[in-house]
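Engineer: Show me the folded form of this:
(4 chains)
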There are 2 protein chains.
Amino acid sequence: MNTPTSGAPRRATISDVAREAGTGKTSISRYLNGELSVLSPQLRARIEAAIERLDYQPNQMARGLKRGRNRLIGMLVADLTNPYSVEVLQGVEAACHALGYMPLICHAANEVDMERRFLQLLTTYRVEGVIVNALGVSEETLRPVGGGGIPAVLVDRSVDGLVTDMVGLDNEAAVTVATRHLVERGFDRVWFVVQPFERVSSRRLREAAFHRALTQYPQVSGRTVVVELGDADELAQTLTVLDAEIDAAMEERKKSDGDVMKPRVALFAANGPVALALARHLNQRYGADWQKRVALLSIDDPEWAELAGITTIRQPTYDIGYRAVEFLHERIDGVQASARDCLLPGELIERASTAR
Amino acid sequence: MNTPTSGAPRRATISDVAREAGTGKTSISRYLNGELSVLSPQLRARIEAAIERLDYQPNQMARGLKRGRNRLIGMLVADLTNPYSVEVLQGVEAACHALGYMPLICHAANEVDMERRFLQLLTTYRVEGVIVNALGVSEETLRPVGGGGIPAVLVDRSVDGLVTDMVGLDNEAAVTVATRHLVERGFDRVWFVVQPFERVSSRRLREAAFHRALTQYPQVSGRTVVVELGDADELAQTLTVLDAEIDAAMEERKKSDGDVMKPRVALFAANGPVALALARHLNQRYGADWQKRVALLSIDDPEWAELAGITTIRQPTYDIGYRAVEFLHERIDGVQASARDCLLPGELIERASTAR
DNA sequence: TTGTATGCGTTATCAT
DNA sequence: ATGATAACGCATACAA
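Structural biologist: Now for the predicted structure:
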């Protein structure tokens, strides 16, 4: 019977090492912090040996306590379920690695309570800064960071009343490119599908950009549909209006001499989760060949997009995360610039859905 | 011009509060730790006010240092890109919340170096335990945990030579059910597709279970195909043998009087990532209606599975994460049982791909 | 009921 | 070149 040997045998401390090496703690500390030049080779060797023997590992907590900085930064993610977040995270991790930080990843799981709780928690752990992908609901819950609190940089969305650095997609450009693409491909009815956008800056920006872009193409009719994800039934309900439109377009095509196989209606999903919801719905309603009736284009480029063959705007997620940490790093080092916005360009990935 | 006000104004300490409230630090400490009964209402009020005024928040680092426990546990994830991991994570988070832990999430991104580095890092931060979804490559890198080190519980896979609790899917049962399902649905050529499995226990178990299950059905021909994900070209290369088999089966069907629309070949993906790779490949080679030629069944039930209509075995991911933390909690509390394995049952989700 | 003193594991200051 | 010693912010044994 295998019994994991128990009872943490209390880890060695710096004092233990000092005793083992027959010297004072100061020298050990010096050794640990790379002040090698001031140590005699012999002492240095003894220390090395002692550390080895005791398998000593310095206690970061104690270090942080003394120094006043613990190299911890918080990363608050709204929804890890969204591939976008995970990709950003990879950029964050890479940058942290490069800059010597340890990211404390927190997952709010789309719950405002969680967001608040984690922010508070991060604060008590004295992280040196936070990079937050906010739910965007209330500036109130973000009170501890930014302005008066610890340095913060926002990702993807900004929060009203909170003045901080932020890095995200250049929504205006992305939406413009995407819309033009649809028009050029011959779609004359474009529906922009988005979650409730009043309180989330990126959604709001995208929606606004969509309408602005449309003014360029008077021959195209466009509209915004707001969907509340999460409840599949309610979603289907909301989308009946869309279904009707699609059916109508198909009828028209059949009557005229148009190419029935080429859809005129395009759905423009404001982000990946919306796109997935749409694809599921359409797939269920029209079957596997739903793309013959509607085109689907989405901001965000999740893994399944290629499989489904939908056109997307891929965000520079990795860079977004990386830049965010760089910004934060500067702030932590005390840089005193005014709040900066870093807008990175997206990339149009054209796939079968909107092909000629 | 908005300039984020700078220079952390040094957070208030317990001493500050004591001074502000005109008392000693002990009382503050008592207040913080809920020893309210021992405080006079008046003092208590003064403390409350002082804390409020100074916006005081206890320093967890210092707390942990003193107490010897910081309520931190490490969560080492092999690959956050895999929806499985994220789902497990949600269970972990919920359990942590319930039990008063703060999970320190680390993402190894499939890199052994990262795994080692994070383990080391977690150790220096003196986490009270770790739950690890190991890469499984080497027991060596996991040396600091388990047996002699800090309490650990493994998720999804165990590691040779490392004796610890582990919780994951009941692979044997899952594969048995899945295989039987395929056979009952009339597939007589089943390919089990899996990543290199020698060193990853869950893959190994699944592969073995597949062959064991097959012995029940002599009329079915089955084989294992090993694929190395990540390199699409090499993958396609490897799968040519599969393509040939599929084509051949189709030919046979055409010649005989069988129903050409019903595939006889089924692919059994050992996990979600493999399934996605397969779907992409097939989609590219045979077009959107590839499911008419091959069926696809997968362990893991990612979001896109429903969209694609493939049959899956859904893992009880949330529970896995939750149980893992519970196990860890017991270990931290000093429970001295022998290493436990917790095998949770999967659930067959039948979709169009394998429908009659 | 309240406060004092000591120590957790480190680093920084100041001697030697 | 090396080593006492005093903090860091907090909790606790003990005294009052």
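
Engineer: is any part of the helix or strand containing A:Leu122 close to chain B?
Structural biologist: When secondary structure is defined using DSSP states H and E, the element that contains A:Leu122 is helix A:112-124. Yes: contact between helix A:112-124 and chain B is present through A:Gln120, A:Leu121, A:Thr123, A:Thr124 (criterion: CB under 8 Å from any CB of the partner chain). C-beta coordinates here come from the backbone N, C-alpha and C atoms, glycine included.

Engineer: Give me the nearest residue to whichever residue of the stretch 1-150 of chain A sits closest to DNA strand D, chain neighbours excluded.
Structural biologist: For the stretch 1-150 of chain A, the residue closest to DNA strand D is A:Gly24, as judged by CB to the nearest atom of the strand, at 2.9 Å. When the adjacent residues along the chain are set aside, A:Gly24 lies closest to A:Ala18, with 5.7 Å between them (CB to CB, 6 or more residues apart in numbering or on different chains).

Engineer: Just say helix, strand or coil for the one you found.
Structural biologist: Look at A:Ala18: counting by DSSP: H, G, I helix; E, B strand; the rest coil, its state is helix.

Engineer: Does it touch A:Ile28 like I think?
Structural biologist: Yes: here A:Ala18 lies in contact with A:Ile28, judged by CB atoms under 8 Å, at a distance of 5.2 Å.

Engineer: who has more neighbours, these two?
Structural biologist: Comparing A:Ala18 with A:Ile28 by other CB atoms under 10 Å in any protein chain shown, the one with more neighbours is A:Ile28, at 25 against 18.

Engineer: just to confirm, which helix or strand has that one in it?
Structural biologist: For A:Ile28, the host element (DSSP H and E) is helix A:25-32.

Engineer: Tell me who's in contact with the residue most central in space within chain A.
Structural biologist: The centre of chain A sits closest to A:Ser85, judged by CA atoms, centre = their mean, with a distance of 3.1 Å. With CB atoms under 8 Å, 6 or more residues apart in numbering or on different chains as the criterion, the residues that contact A:Ser85 are A:Val77, A:Ala78, A:Asp79, A:Asn133.

Engineer: Local confidence estimate at it?
Structural biologist: At A:Ser85 the predicted local confidence, pLDDT, stands at 97.

Engineer: Next: the one 3 residues further on.
Structural biologist: Among the per-residue scores, A:Val88 shows a pLDDT of 98.

Engineer: So the helix or strand of chain A with the lowest mean pLDDT, near chain B or not?
Structural biologist: In chain A, the helix or strand scored least confidently by mean pLDDT, DSSP states H and E is helix A:232-255, which has a mean of 87. No: judged by CB under 8 Å from any CB, helix A:232-255 makes no contact with chain B; its nearest approach is 10.2 Å.

Engineer: circling back to that earlier point, any of the residues of helix A:112-124 next to chain B buried? List them.
Structural biologist: Neighbour-count burial (16 or more other CB atoms under 10 Å in any protein chain shown) applied to the residues of helix A:112-124 next to chain B gives A:Leu121, A:Thr123.

Engineer: quick one: which of the residues of helix A:112-124 next to chain B is nearest to A:Glu207?
Structural biologist: Distance from A:Glu207 was checked for each of the residues of helix A:112-124 next to chain B by CB to CB. The minimum falls on A:Gln120, at 32.1 Å.

Engineer: what residues are up against that closest one?
Structural biologist: Contacts of A:Gln120 (CB under 8 Å, 6+ apart): A:Pro144, B:Gln57.

Engineer: now do 10 Å
Structural biologist: A:Thr141, A:Pro144, B:Gln57 (CB atoms under 10 Å, 6 or more residues apart in numbering or on different chains).
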